[in-house]
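With the sequence up front, the predicted model follows.
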Amino acid sequence: MRLLEYTVLVMGIIVCVSAGLNDVVPDKECFGTNNGLSYSQSYIRHYRSMKRRYKECTHINGNLEITHLANNDYNYDMSFLNNIRYVTGYVLIALNTGVNVLRFPSLQIIRGNNTMRLRGKEYSLAVALNYKSNYPKLGLIELHFPQLKEISGGDILFTQNPRLCYIDTINWQAISGRGSDSIDAPGTDPVSPFNRKCAECPVECKVNGRSRCWGNDENLCQRAPPNVCHSSCPYRCYGPGPEGCCHGNCAGGCWGPKSTECMLCKDYRLWNRCVESCPLEYDHLNQMCYIQNILS
């Protein structure tokens with residue numbers, strides 16, 4: 001009976017759209033890239049290659065690199081980013097001067113299993129060089145991560161993005177779960193702002209007297225960060241003190257200490273619990289463990 005129930009669960013994930021749940025996106029795993037700041041084609045071909053690679057993807061196995069969107073006369077359709085929820089490696093956003101806004105409306109976890117080495121540090125989120133010197137009207141103005149719950153490993157870098165708004169309002173420590181020394185953010189940016197004019201965060205985004213948002217829209221508020229955890233908690237927590245620590249396999253928070261009480265899983269889900277890896281007799285579909293040959 002348990003096997004039958006699990007078969008139904010896994011198959012339901014795969015065929016949920018055909019079953020009539022048209023608002024649910026079926027899981028699709030795609031492989032990322034390892035190009036860094038380089039590219040080997042024209043700007044437009046590079047963009048089209050990214051679009052083909054990530055279209056309808058929900059899970060990125062590897063790194064998500066969005067770079068060189070630099071043709072100012074081209075209408076970039078970035079909707080192929082809309083369904084991405086999980087990245088196992090790093091996220092790089094760099095050298096983009098042909099777009100004003102980049103949206104990642106579904107991204108929840110950047111795992112940081114791979115990191116990008118820059119300036120002697122290892123980064124799992126790097127946002128850099130999104131401007132064009134002497135052209136103050138070109139470059140990235142807004143970067144939306146409204147669902148981002150956790151950056152599990154690696155540091156965070158924002159540098160040389162003189163038009164970029166709102167990033168300094170975000171509580172990055174709540175996302176990384178680590179101290180301020182893991183975050184290189186706008187306060188030390190070597191490039192002066194090009195007369196940056198950012199609207200204020202909506203009043204709906206104010207939490208404990210501080211407004212935090214990704215943009216001037218109530219749907220772009222950074223929601224209340226998790227509790228300040230006890231020093232003995234290596235990851236997240238659901239309450240004060242050492243007894244309030246989340247299980248090490250949880251991501252984004254929890255409502256209890258067990259691996260069955262996670263908001264999200266760092267790696268994989270086996271039945272109703274989060275695990276670091278699937279058992280030998282199991283395979284995995286994106287982050288879901290399933291019995292081998294069950295889908296054959």
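Perfect, thanks for sending it.

From Asn219, how far off is the spatially closest residue to Asp217 that is not a sequence neighbour?
Leaving out its chain neighbours, the residue that sits closest to Asp217 by Cβ to Cβ, 6 or more residues apart in numbering is Pro202, at 6.6 Å. C-betas here are computed from N, CA, C, even on glycine. As for Pro202, its distance to Asn219 is 9 Å (criterion: Cβ to Cβ, to the nearest Å).

what about the strands in the stretch 101-250 of the chain?
Along the stretch 101-250 of the chain, counting by DSSP state E, counting those that start in this stretch, strands occupy 101-103, 109-110, 116-118, 121-128, 142-144, 150-151, 155-159, 183-184, 206-207, 210-211, 250-254.

For Gly177, find the nearest of those.
Each of the strands of the stretch 101-250 of the chain has some distance to Gly177 by Cβ to Cβ; the shortest is strand 150-151, at 6.9 Å.

Partner strands of the closest one, with direction?
Next to strand 150-151 in the sheet, as set by DSSP bridges, lie strand 109-110 (parallel).

ok now the partner strand, how far from the chain's centre?
On the basis of Cα atoms, centre = their mean, to the nearest Å, strand 109-110 sits 4 Å off its chain's mean C-alpha point.

what does stretch 239-249 give?
23 Å.

tell me how far the ends of that stretch are from each other?
17 Å (Cα to Cα, to the nearest Å).

what's the answer for stretch 260-274, then?
6 Å.

who's in contact with it?
Residues outside stretch 260-274 that contact it (Cβ atoms under 8 Å, 6 or more residues apart in numbering) are 6, 108-109, 111, 149-150, 152, 238, 246-255, 258-259, 275-279, 282, 284, 287-289.

thinking again about what came up before, relative to Asn72, which of the strands of the stretch 101-250 of the chain is closest?
It's strand 101-103; of these, that one is closest to Asn72 (Cβ to Cβ) at 14.6 Å.

buried sites along that closest one?
Residues of strand 101-103 classed as buried by neighbour count (16 or more other Cβ atoms under 10 Å): Leu102, Arg103.

Name the strands paired with it and say parallel or antiparallel.
Strand 101-103 is paired, per DSSP bridges, with strand 142-144 (parallel).

what comes up buried for the strand it pairs with?
So for strand 142-144, counting by 16+ other Cβ under 10 Å, buried means Glu142, Leu143, His144.

before we move on, back to that, which of the contacts of stretch 260-274 are buried?
If we count by 16+ other Cβ under 10 Å, the contacts of stretch 260-274 have these buried: 6, 108-109, 111, 149-150, 152, 238, 246-247, 249-254, 259, 275, 278, 282, 284, 287-289.

Spit out the contact partners of Ile170.
Taking Cβ under 8 Å, 6+ apart, one finds Arg212, Trp214, Gln222 in contact with Ile170.

By neighbour count, which of the residues you listed wins?
Counting neighbours by other Cβ atoms under 10 Å, the top entry in the contacts of Ile170 is Trp214, with 26 neighbours.

Can you report phi and psi for that one?
Backbone geometry at Trp214, expressed as degrees, to the nearest 10, gives phi -100, psi -10.

my read: it touches Leu164, true?
No: checked against Cβ atoms under 8 Å, the pair Trp214 and Leu164 is beyond contact range at 10.9 Å.

Pull up the overlap in contacts between the two.
Each of Glu142, Leu143 lies in contact with both Trp214 and Leu164 under the rule Cβ under 8 Å, 6+ apart.

Low-confidence stretches in this protein?
Scanning the chain for pLDDT under 70 picks out 1-24, 186-188, 190, 192-195, 224-227, 293-296.

hey, where'd the helices end up in it?
Assigned by DSSP state H, the helices in the chain fall at 2-15, 43-54, 172-176.

what helices or strands is the last one leaning on?
Okay, so that is helix 172-176. If you count contacts as 3 or more Cβ pairs under 8 Å, 6 or more residues apart in numbering; DSSP states H and E, helix 172-176 packs onto strand 150-151, strand 155-159, strand 183-184.

Also the second one?
In terms of contacts (3+ Cβ pairs under 8 Å, 6+ apart), helix 43-54 is packed against strand 29-31, strand 64-67.

thinking again about what came up before, looking at Pro202 and Asn219, which is more packed in?
Between Pro202 and Asn219, counted using other Cβ under 10 Å, Pro202 has the larger neighbour count: 16 against 13.
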